[in-house]
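**Q** I would like the atomic coordinates for the input below:
(chains A and B, ligands or ions: 2)
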Amino acid sequence: MGFGKFLERVLHLVPVLLGVSVIVFIMMALTPGDPVQIMIGDQAITPEQESALRRDLGLDRPMLERFFVFVGNAVQGDFGESFYHRRPVSEVIAERLPATIELSLVALIFALVTSIPLGVLAAIRKNSIFDRIATVISLLGVSLPGFWFGILLLMLFAVHLNILPVAGRIGYASEIAPITHFLLIDTLLRGRPDAFLDALSHIVLPAITLGLPMTAILMRVTRSSMLEVLQQDYVTFAEAKGLSRRRVLFRHALKNALIPTVSVAAIETGSLLGGNMIVETVFGWPGLGRLVVESIFLRNYPLVQAAVLLYAVTYVLLNFFADILYTVLNPKVKL
Amino acid sequence: MSALLDVKGLRTVFETRAGTVCAVDGVDVEVRRGECLGIVGESGSGKSVTFASVMGLVRSPGRIDAGEILFDGRDLRKLSQKELRAVRGRDIAMTMQDALTALNPALTVGVQLAEVLEAHDETLPRGRRARTRAIRERSAEILGLVGIPSPDSRLSQYPHEFSGGMRQRIMIAIALACRPKLLIADEPTTALDVTIQAQVLELISDIRAKLGMSVVLITHDLGVVAEHCDRVMVMYAGQVVEEGPTTEVIGSPSHPYTRGLLGSIPRLALRGQPIHPIEGQVPDLIDLPAQCRFYSRCADRTDACLTPIAVRQVGPHRKARCILAGEDTQ
Ligand SMILES: Nc1ncnc2c1ncn2[C@@H]1O[C@H](COP(=O)(O)OP(=O)(O)O)[C@@H](O)[C@H]1O
Ligand SMILES: [Mg+2]
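**A** Ligands and ions are numbered 1, 2, ... in the order given. Model prediction:
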């Protein structure tokens, strides 16, 4: 891919981000509820104190002015202060980000390692009992609400069977000094396999809950693309060459069948972002998703705005990445 | 000497929602050692399915219903999948109609050539590095043999980086890599333009002479048959309708369908005569009535054609499935 194309894609980001800013800003402004009232709660304060607070947060200015101030600062990388934390938004988000990235990656890996073998098997055994069961499961996977499924898993494994923890990223006894801020890596780097297992036991249920819809989608994609590829002349020709069944299936068929799977996986990774908010809330996962949900309830405008912009950038970059992957996997296409 | 390939009473059907499609119905094929047998017929007449059956490559919903497929004296239908895989690519090789779709777009030409050597070539050295080097040398040699310039450097390229004619040559190279006894070339020139067609056919003829292998050349072009085949077999609606030495069949066709095909080929038609493509269509292969299958399109039909028609001996080496030709063999 040439530099020009790359630049073009990056420039595409500008209108997207501007549009997203406008929409978030308007939505937050239209949401009923006043951040100052929420911050005050039951505390008894004077009207003077209240208007001082309002001025302090910049909420005394008209909406249009607030919008331009926000955009002007954001362009310079300043997203303002979190109303609630009274610290720069970027700092607060950065603290929460590793937990979310770790959870998303584990969910992604879970989705890939389950969906691809299942999809291939369903295609090879088309219309078998296995194929039918897989179809039903994948239908459930896309249609079950994440919070419901998550609570179900919690009740079964954490409450009834009591073999997995209920919430959090890691137990107190296993806490370690961070290196990369990814606990599954840091525990190993610090030579604490016990802490690693503890972190793993915390991440299992949220990762499955988060990854399940993606598993379902990728399984369907893999199954149908595998079925299509198996009908291709090059598979027949590979068989005519007297190659082993394994080589025909995996080297000839799967290599082509995975092209759509991988592209969809890259795009669907963006949808994990939305899933994170629900899953992190259900499982008390200290990540960005839960922070955003809390911030919406607190009408913490700067934090929500910055987080949504971050989501938008991530989403666009993932799509970009999906395109690059597609060309890497498919030698016929040159970007 | 016995024939290399001797197919007897082959019947291959496809179960479809509309009914059972009888794509190949009681076909006998004999391929002699070293000869080139031409198979002609309009599309849908069962040429490809016949030879897919020979290779054991008929996929669901299709299946071989009856018949014997004797290759070198062994019935291929009685072999296990593993034994059959050892025959495919090594003893019997196949090229497909369209090289663009038959070559895997995601694998380099080198890989697609190497894997067939890897699967069958027992003369390759055992040691890993020597083996890799030997495979590379063999691959380049074979690509050179089919006329790909600077083959060494082209092994690492993908099929889409070659022209249509080159891709056809690559597919032939893959088929010939293990020096098979029989090459089944399914419409090797249909996807190519005229000048390239001639080159590819020359190539197949040359290599046949060099390796002494037998070739089955499937085509719907009688001109190609006239030029390259020792014998010809004409298929129509899943049956063999005429068979014999090429010069005799083309010189004096016995079956009205063969005459129709000859009439539809410009360069073989008599000079100054108008060209008549055969009118009508191949009949639906589901629930065919027990009568001559060409009946509805035949100019010479009589009421006697409404009974089942057996193959008749027309000359010492010729057969035809028409009551107007020769004598009943039954
Ligand atoms: N997968 C299939 N399903 C149903 N019918 C098929 C299938 N493949 C081939 N046939 C039938 O077999 C007939 C012969 O096909 P084919 O051997 O490809 O013809 P040819 O190679 O002579 O053009 C076709 O007319 C079609 O009706
Ligand atoms: Mg065909």
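**Q** so who does residue A:331 touch?
**A** B:105, B:106, B:158, B:160 (C-beta atoms under 8 Å, 6 or more residues apart in numbering or on different chains). In short, each C-beta sits where N, CA and C put it, glycine included.
**Q** Spell out which residues sit in contact with the residue nearest to the last one when sequence neighbours are not counted, please.
**A** Yep, that's residue B:160 we're talking about. Among residues not flanking residue B:160 along the chain, residue A:332 sits closest, at 4.9 Å (C-beta to C-beta, 6 or more residues apart in numbering or on different chains). Residue A:332 is in contact with B:105, B:158, B:160, counting by C-beta under 8 Å, 6+ apart.
**Q** still on that earlier bit, would you turn the contacts of residue A:331 into TSV with secondary structure?
**A** Listed next are these as TSV, based on DSSP: H, G, I helix; E, B strand; the rest coil:
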residue	secondary structure
B:105	coil
B:106	coil
B:158	coil
B:160	helix
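**Q** I'd like the contacts of residue A:332 as a markdown table, with distance to residue A:165, pLDDT and neighbour count appended.
**A** Compiled in a markdown table, these are given as follows (distance: C-beta to C-beta, whole Å; pLDDT from 0 to 100; neighbours: other C-beta atoms under 10 Å in any protein chain shown):
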| residue | distance to residue A:165 | pLDDT | neighbour count |
| --- | --- | --- | --- |
| B:105 | 48 | 93 | 18 |
| B:158 | 50 | 94 | 19 |
| B:160 | 53 | 93 | 12 |
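**Q** can I get those residues in a markdown table with distance to residue B:38?
**A** Below are these laid out as a markdown table (distance: C-beta to C-beta, whole Å):
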| residue | distance to residue B:38 |
| --- | --- |
| B:105 | 31 |
| B:158 | 33 |
| B:160 | 31 |
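**Q** for those, which one is nearest residue A:231?
**A** The closest of the contacts of residue A:332 to residue A:231 turns out to be residue B:105 (C-beta to C-beta; 14.7 Å).
**Q** Spell out which parts of the stretch 1-150 of chain B neighbour ligand 1.
**A** B:14, B:16, B:21, B:23, B:41, B:43-49, B:61-62 (C-beta under 6 Å from any ligand atom).
**Q** Now intersect these with the strands, please.
**A** B:14, B:16, B:21, B:23, B:62 (DSSP state E).
**Q** Buried only: go through those for me.
**A** Buried members of those, counted by 16 or more other C-beta atoms under 10 Å in any protein chain shown: B:14, B:21, B:23, B:62.
**Q** So what's the residue count around the residue of the stretch 1-150 of chain A found nearest chain B?
**A** At 8.9 Å from chain B, residue A:126 is the closest residue in the stretch 1-150 of chain A, using C-beta to the nearest C-beta. Number of residues near residue A:126 (other C-beta atoms under 10 Å in any protein chain shown) recorded here: 13.
**Q** so it touches residue A:227, yeah?
**A** Yes - taking contacts as C-beta atoms under 8 Å, residue A:126 lies within contact range of residue A:227: 6.4 Å.
**Q** could you pull out the helices for the chain?
**A** Went with chain A since none was named. Using DSSP state H, the helices of chain A run over A:3-30, A:35-40, A:47-56, A:63-75, A:89-124, A:129-143, A:146-153, A:183-189, A:193-230, A:233-240, A:245-246, A:255-282, A:288-297, A:301-329.
**Q** The intended chain is chain B.
**A** For chain B, the helices defined by DSSP H occupy B:47-55, B:81-87, B:99-102, B:109-120, B:128-145, B:151-154, B:164-176, B:194-211, B:222-228, B:246-251, B:256-263.
**Q** what's residue 213 in contact with, if anything?
**A** Since no chain was named, I'll use chain A. Per C-beta under 8 Å, 6+ apart, neighbours of residue A:213: A:141, A:142, A:146, A:271, A:275.
**Q** that's the wrong chain, I wanted chain B
**A** Contacts of residue B:213 (C-beta under 8 Å, 6+ apart): B:34, B:179, B:180, B:181, B:182, B:183, B:207.
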